[in-house]
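> After the sequence you'll find the predicted model.
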Amino acid sequence: MKQIFVLRHAKSSWDNSNLSDFERPLANRGIRDTKKLCNFIKENNLKLDEVLCSNAIRAKETFDLTADSFDFQIEKATYTDKLYFGDVTNIINDLKRLDENVKNILIVGHNPTLHFLVESLTNENIARFTTCNLAIIIFKDAWIKLNSHKCSLKSLIKPKEIQN
């Protein structure tokens with residue numbers, strides 16, 4: 001069994017109008033939400049073998065805050081523009097190329113791409129995939145066989161629903 005963790009970056013700051021969208025850091029609320037999510041990750045002993053992360057600042061900061069909770073070394077993550085200018089087909093193709101030793105992967109990025117990815121993989125209608133939401137998706141086959149509607153949504157974690 002494989003798990004695909006899909007994490008939308010946490011709430012970003014709009015305080016500095018001189019920054020491009022790509023450069024925006026996390027807002028205080030984003031940091032708080034991410035810390036709540038970290039508690040969930042630790043309590044559920046979620047582990048990673050691989051990370052694909054957008055190289056936008058807010059996505060990197062979200063991952064950096066969660067890495068220890070996942071017991072994953074930040075420097076082992078792969079950062080890519082593909083998740084900033086995302087395309088669901090490209091992400092699925094990247095997943096299909098994963099080594100079979102990879103059982104748990106985290107994807108950190110942006111909407112609408114991640115929302116569409118979760119819906120595409122699971123055939124679930126997700127009303128909203130808001131900031132710092134974590135979708136846990138189960139896939140029971142070889143990565144090369146990954147396609148739309150081949151996975152199941154195990155859970156959708158929202159920081160506002162985490163009790164701690």
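Everything's here; your move. Numbering: from 1, shown residues only.
> I'd assumed residue 143 was in contact with residue 97.
Yes - counting by Cβ atoms under 8 Å, residue 97 does reach residue 143; the two are 7.2 Å apart. Where you see a C-beta, it was placed from the backbone N, CA and C, and this is true even at glycine.
> okay, the two: which has more neighbours?
Legend: neighbour count by other Cβ atoms under 10 Å for residue 97 and residue 143, higher for residue 143 (18 against 9).
> What's the separation between the residue nearest to the more buried one when sequence neighbours are not counted and residue 160?
With Cβ to Cβ, 6 or more residues apart in numbering as the criterion, residue 143 has its nearest non-adjacent residue at 4.4 Å, and that residue is residue 98. Noted for residue 98: a distance of 32 Å to residue 160, by Cβ to Cβ, to the nearest Å.
> more crowded one of these two?
Each of residue 98 and residue 160 has its neighbours counted (other Cβ under 10 Å); residue 98 has more, 19 against 9.
> ok, now which ones touch that one?
50, 105, 143 (Cβ atoms under 8 Å, 6 or more residues apart in numbering).
> do the same with residue 108
Residues in contact with residue 108, defined by Cβ under 8 Å, 6+ apart, are 7, 8, 9, 51, 52, 53, 54, 59, 62, 63, 83.
> Confirm it sits in a helix?
No - going by DSSP: H, G, I helix; E, B strand; the rest coil, the assignment for residue 108 is strand, not a helix.
> what about the closest residue to it other than its chain neighbours, how many residues close to it?
Excluding its sequence neighbours, the residue lying closest to residue 108 (Cβ to Cβ, 6+ apart) is residue 53, at 4.2 Å. For residue 53, the neighbour count with other Cβ under 10 Å is 24.
> partners of the helix or strand hosting residue 53, with directions?
Following DSSP states H and E, one finds residue 53 within strand 50-54. Applying DSSP bridges, strand 50-54 is found paired with strand 78-80 (parallel), strand 104-109 (parallel).
> Mean confidence (pLDDT) on that strand, please.
Averaging pLDDT along strand 50-54 yields 98.
> hang on, residue 101 packs against residue 50?
No - counting by Cβ under 8 Å, residue 50 is not a contact partner of residue 101; they are 9.4 Å apart.
> Compare the two (neighbour count), which wins?
In terms of neighbours (other Cβ under 10 Å), residue 50 is the more surrounded of residue 101 and residue 50; the figures are 18 against 7.
> Report the distance from the helix or strand hosting residue 34 to the chain centre.
If you go by DSSP H and E, residue 34 is part of helix 28-43. Mean-position distance between helix 28-43 and its chain equals 13 Å (Cα atoms, centre = their mean, to the nearest Å).
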